[in-house]
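Here's a sequence, model it:
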Amino acid sequence: RRLNGEPTAYITGHREFYGLDFYVDPRVLIPRPESELLVETALGLAQNHPLFTIAEIGTGCGAIAISLALSLPEAKIYATDISAAALEVALVNCQKHGVIDRVHLLQGDMLDPVPEPVDLIIANLPYVKQSKLAPMSPARFEPLLALDGGSDGTERIRQLCRQVDSKLLPGGFLLLEIGQGQRGAVIAFLHTIFPDGEIEVVPDLSGIDRVISLSLTTSKHELANAQPSQL
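Residues are numbered from 1 along each chain as shown. I've put the predicted structure just below:
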């Protein structure tokens, strides 16, 4: 199977993320180390801004939602995915890590199934351009739905951003993982929807702009555990 190019995580059924072990199989995208920056950024925000309710969109195997649940034991977390098969994997991991009572798994598109406005919306949505999918060997094994970001890679991100206003509490935050070179397009789109929103960008360890933070407050917020470039 490995000689055929199948990812090791699918063969072993395991993937480490944020120091935790998660079950994975071809029903879900394999969590990437870069996505740990989403968790770190959210926990940095939580140091100064209580995050009582969180919605993770496109949860996949549940790695981000579960990592947040274990680090923020007082938080109620909604984890959505359009794929029922992916949520089956997330359920296994919620049970494995003992957070089934605090991570509410919801099937549906984007924010549609989230029943109430929340303090934080966090998402690692598909951001690979369609034109780049064919040469990617893991894409032969990973679910296309979890990779395909449309013609420019930001289609799903823009879809989510259009829904944010109705599901984010005043003073709330939106955290998005983005692909290389997508910073300008995503920020410009956010500014059209939230002209008064405060936007910060957090680079990953390679120096690539990886996380965009939108705050709906009027005061300045520093992201702990990261060194954002203030726009």
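
what's the longest strand in this protein?
In terms of residue count, the longest strand belonging to the chain (DSSP state E) is strand 168-177.

how about that one: buried residues?
Buried residues in strand 168-177, defined by neighbour count with 16 or more other Cβ atoms under 10 Å: Leu168, Gly172, Phe173, Leu174, Leu175, Leu176, Glu177. Placement of C-beta: from N, CA and C, glycine included.

Stretch 47-55 now?
Within stretch 47-55, the residues scored as buried using 16+ other Cβ under 10 Å are Leu51, Thr53, Ile54, Ala55.

Helices - which of these land there?
The members of the buried residues of stretch 47-55 all map outside helices under DSSP state H.

Okay, strands next: where are they in this structure?
Ranges of strands in the chain, per DSSP E, are 14-17, 20-23, 53-57, 76-81, 103-107, 118-123, 168-177, 198-203, 209-215, 229-230.

average pLDDT across the shortest one?
pLDDT averaged over strand 229-230 equals 39, rounded to a whole number.

partner residues bridging Pro203?
Beta-bridge pairing for Pro203 (DSSP bridges): Asp209.

Return the member of the buried residues of strand 168-177 nearest to Pro203.
Nearest to Pro203, judged by Cβ to Cβ, of the buried residues of strand 168-177 is Glu177 at 12.1 Å.

isn't that closest one right next to Val39, touching?
No: under the criterion of Cβ atoms under 8 Å, Glu177 makes no contact with Val39, lying 10.5 Å away.

picking up where we left off before, so what secondary structure elements neighbour the longest strand of the chain?
With contacts taken as 3 or more Cβ pairs under 8 Å, 6 or more residues apart in numbering; DSSP states H and E, strand 168-177 sits against helix 36-46, strand 118-123, helix 155-167, strand 209-215.

List the pairing partners of that strand within its sheet, with orientation.
strand 118-123 (parallel), strand 209-215 (antiparallel).

Contacts for the longest one, please.
Going back to what we said before, that points to strand 209-215. For strand 209-215, contacts defined as Cβ atoms under 8 Å, 6 or more residues apart in numbering pick out 34, 37-38, 41, 45, 164, 171-178, 180, 182-183, 186-187, 190, 194, 197-204, 221, 223, 226, 228.

Quick one: buried ones out of those?
So, by 16+ other Cβ under 10 Å, the buried ones in those are 34, 37-38, 41, 45, 164, 172-178, 182-183, 186-187, 190, 194, 197-204, 221, 223, 226, 228.

Select the helix or strand of the chain having the lowest average pLDDT value.
Scoring the helices and strands of the chain by mean pLDDT, DSSP states H and E places strand 229-230 at the bottom, with a mean of 39.

Before I go, just wanted to say thanks for your time.
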